[in-house]
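Q: Need a 3D model of the following:
(2 chains)
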Amino acid sequence: MRISKRTVFVGTIAVLLLGIYPVIIERDSYPHSHLPMFSVRRTETARIDTVIGVSTDGEITRLSPRLIADTDEVIMAKDAVVNAINSQQTDELCVEIANRVERDKTDISSIRVVTETYNAVKWFQNIKTPISVNIYAECGISR
Amino acid sequence: MIVASLGNRVSGTSPAQRLALLRIVVGAYALLFTLVRFPHLWNAAGYPTRRWDPVGILSPLSTSPSALVVRSLLLVMVPVGCGYVLGWRYRITGPAFALLFLVITTFRFSWGSVLHTEHLVVVHVVIIGFSSAHHAWAINTPKSNTRMNPDSYHWAIETCAIATVIGYTVSGIAKLRYGGWDWLSGDVLRNQIAFDNLRKILLGDIHSPIAGWTINNDAPLKVIAPLTVLFELLAPLALLHAVVRKVWIIGIWLFHVGVLALMAIVFPYQITAVAYLPLMLMTPFLQQRRQHNEPSRDPVPTWQQH
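A: Purely as a prediction, here's the structure:
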């Protein structure tokens, strides 16, 4: 069995075009993507959508991706929060997370879906106070 | 590198054997990936529909496929994947595992996040799955008279190699398009490292232990940033010559090591160097031309040329 040169040529061109066309249409899909990871023009200011646990005495606990979105992938946890904020479904997300935290038997008494803004570079110079904190939803843990 | 030493061992093998080696290594990687991610994928089948955000071939589905369907596909995938690796009934298991792997990894990314760690492996699995990668080192290897023109085996290997380098070029273009020339200064990279690690901290994940030191001593990033973009944009040159290929593979592999060290992000297909195996197994294009012009074409030993 022989594959003609024309078939090889067409196949190679097809792979090339499939690889390049997401760049033209700026599409981040799967498996074809314009691969925009690490390409955003980041400044020192970082707005981070996340979910925090708050104890009765006001102490803040960082929740794991497992508790936030039932996943071990931090990006998926981040996207679950971002998508809930964008689609105004933060109340649903809050309750979902509260149910998972409830099973964990920690001293967390409430859950907050928030956007925290920091100077990310200064954070690593030990200046860890947020520039701002925006709360979208808060829900209690029933025990 | 492990794969480089593996490559040295296959010097002198036929094109069919080299494609078979690619089938075994890439297939084993994809199968292992499936097994490692099995609990996560099994669990994802039960995610609330609210989070369903389909991509790629699953885009037409307005709701997520039922958990029963996804979990059944997962269970089927394992034996079919073994068939792919072993080359057993490959005319069926090759395309079947390729399509199952495409569907299941697409499902994985249809919950609001497209990670960029599996894009290349799925393209390789599909190309190899639809090739004649079972004509050597396989259960039920066909008789030699059913084998094809060597160029047909070369084509599958070269197409995988082209897919590898295109991905990097596309990524380099994105850095310049969205990050602008500032990306080259190293400041954007420093901010990216700070942002990524801070996000991990705030989302309760593991972060790089050396990120803080690097952010506060960022002079090396001013060299690393433009080098990264250069290696990405010039990736296709690795197809041309064995020396360029070696330099490029080492450089781009170090880039992934850097990403792991500074941002705790693992690109397993690249870190294990399986992603670069097609490049290592192909005869670089400039050397092919030289070989074509010589009276007797040496079909294989690109590993011994340098």
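
Q: mind listing what B:V114 touches?
A: Going by Cβ atoms under 8 Å, 6 or more residues apart in numbering or on different chains, B:V114 touches A:28-30, A:33, B:55. The way it works is simple: take the backbone N, C-alpha and C, and place the C-beta from them, glycine included.

Q: what residue ranges in the chain are flagged as low confidence?
A: No chain was given, so I picked chain A. Using pLDDT under 70 as the threshold, the predicted model of chain A has low-confidence ranges A:1-5, A:105, A:143.

Q: look at chain B instead
A: Along chain B, the parts satisfying pLDDT under 70 run over B:1-12, B:143-148, B:289-306.

Q: Can you spell out the domain ranges of it, please?
A: By the record's domain assignment, chain B is partitioned as B:1-148, B:150-292 (automatic domain parsing).

Q: Out of the ones you listed, the one nearest A:C94 is which?
A: For these, distance to A:C94 was read as Cβ to Cβ. The smallest value, 12.8 Å, belongs to domain B:1-148.

Q: Quick check: which of the domains of chain B is nearest to A:G19?
A: Of all the domains of chain B, domain B:150-292 sits nearest to A:G19, with 3.6 Å by Cβ to Cβ.

Q: Distance from the chain centre to the closest one, please.
A: Here domain B:150-292 is found 12 Å from its chain centre; the criterion is Cα atoms, centre = their mean, to the nearest Å.

Q: Next one: the residue lying closest to B:I139 once chain neighbours are set aside from chain A, what distance?
A: With Cβ to Cβ, 6 or more residues apart in numbering or on different chains as the measure, B:W88 is the residue that lies nearest to B:I139, at 4.2 Å, once sequence neighbours are left out. Distance of B:W88 to chain A, given as Cβ to the nearest Cβ, to the nearest Å: 20 Å.

Q: Can you report how many residues neighbour residue 23?
A: Here I'm looking at chain A. The local packing count at A:V23 equals 19, with neighbours defined by other Cβ atoms under 10 Å in any protein chain shown.

Q: Not quite, go with chain B.
A: By other Cβ under 10 Å, the burial measure for B:R23, its neighbour count, is 29.

Q: which element is it on?
A: Counting by DSSP states H and E, the secondary-structure element that holds B:R23 is helix B:15-36.

Q: quick check, B:L100 in a helix?
A: Yes - membership of B:L100 in a helix is supported by DSSP: H, G, I helix; E, B strand; the rest coil.

Q: Does the closest residue to it other than its chain neighbours fall in a helix, a strand, or a coil region?
A: Among residues not flanking B:L100 along the chain, B:M77 sits closest, at 4.7 Å (Cβ to Cβ, 6+ apart). Assigned state for B:M77: helix (three-state reduction, three-state DSSP).

Q: Touching, B:M77 and B:I104? I think so.
A: Yes - the criterion here is Cβ atoms under 8 Å, and B:M77 meets it with B:I104 at 6.3 Å.

Q: between the two, what contacts are shared?
A: What both B:M77 and B:I104 touch, as defined by Cβ under 8 Å, 6+ apart, is the set B:T34.

Q: More neighbours: those two, which one.
A: The residue with more neighbours, out of B:M77 and B:I104 and counting by other Cβ under 10 Å, is B:M77; that gives 23 against 20.

Q: ok, now which ones touch the more buried one?
A: Remark: with contacts taken as Cβ under 8 Å, 6+ apart, B:M77 is in contact with B:34, B:97, B:100-101, B:104.

Q: which pair in the residues you listed spans the largest distance?
A: By the measure Cβ to Cβ, these have their two most distant members at B:F97 and B:I104, which lie 10.2 Å apart.

Q: rewinding a little: next, check the contacts of B:V114 against the helices and list the overlap.
A: Cross-referencing the contacts of B:V114 against helices under DSSP state H gives no overlap.

Q: Give the buried residues for stretch A:135-143.
A: Applying a neighbour-count criterion of 16 or more other Cβ atoms under 10 Å in any protein chain shown, the buried positions in stretch A:135-143 are A:136-139, A:141.
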